[in-house]
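Asks: give me a 3D structure for the following:
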Amino acid sequence: MPFHLAPYLAKSVPGVGVLGAIVGGAAAVAKNAQLLKAGKVSQREAAIDTGKETVGAGLATAFSAAAAGAVGGGLVVSLGVAVAAGIAGKYAWDRCAEYVEAQVKSRAPELSDDALADELK
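Replies: Numbers count the residues shown, from 1 in each chain. The predicted structure is shown next:
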């Protein structure tokens, strides 16, 4: 008997978030693979960006689903709320990630990229 992942995940808001993380993570891997191939980013930078994009996409998708479910309404209203909540969720995640990175860098400006990565763990 086959397992159908998408319908299974679509049964709950956290599941929808996981599905969003899968899609967002796949898109980030594709983007970073191209940047790596072109020599524009290091493996470490690609991995960090992929992680941030994966988590951000998952959170934004879950927030979007929760907001659309809470508001209800017709198709247009639900789509509008879902899009607005998704944008707001991803924007908030990106700003928080930037803030954390800036705080770590400001507290340890002498750290190399390798030491900085270890510090973020």
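Asks: which helices and strands does the helix or strand harbouring Ala65 pack with?
Replies: Following DSSP states H and E, one finds Ala65 within helix 43-71. Based on contacts counted as 3 or more C-beta pairs under 8 Å, 6 or more residues apart in numbering; DSSP states H and E, the elements that helix 43-71 packs against are helix 13-37, helix 75-107, helix 113-120. Placement of C-beta: from N, CA and C, glycine included.
Asks: switch the cut-off to 6 Å
Replies: Here helix 43-71 touches helix 13-37, helix 75-107, going by 3 or more C-beta pairs under 6 Å, 6 or more residues apart in numbering; DSSP states H and E.
Asks: out of the ones you listed, deepest packed?
Replies: For the helices and strands packed on helix 43-71, average neighbour numbers computed from mean count of other C-beta atoms under 10 Å are highest in helix 13-37, which has a mean of 17.
Asks: what angle separates that one from helix 43-71?
Replies: Calculated by axes from the mean of the first three to the mean of the last three C-alpha atoms, to 10 degrees, helix 13-37 forms an angle of 150 degrees with helix 43-71.
Asks: what about stretch 36-46, start to end distance?
Replies: Its first and final residues considered, stretch 36-46 spans 7 Å by C-alpha to C-alpha, to the nearest Å.
Asks: again, but for stretch 66-85
Replies: With C-alpha to C-alpha as the measure, stretch 66-85 spans 9 Å from end to end.
Asks: what do you get for stretch 2-20?
Replies: By C-alpha to C-alpha, the extent of stretch 2-20 from end to end equals 22 Å.
Asks: mean confidence for it?
Replies: Average pLDDT, stretch 2-20: 95.
Asks: and Ala67, how far is that from Ser78?
Replies: Ala67 sits 9 Å away from Ser78 when distances are taken as C-beta to C-beta, to the nearest Å.
Asks: returning to what we had before: including distance to Ala60, could the helices and strands packed on helix 43-71 go into CSV?
Replies: Below are those laid out as CSV (distance: least, C-beta to C-beta, whole Å):
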stretch, distance to Ala60
helix 13-37, 7
helix 75-107, 4
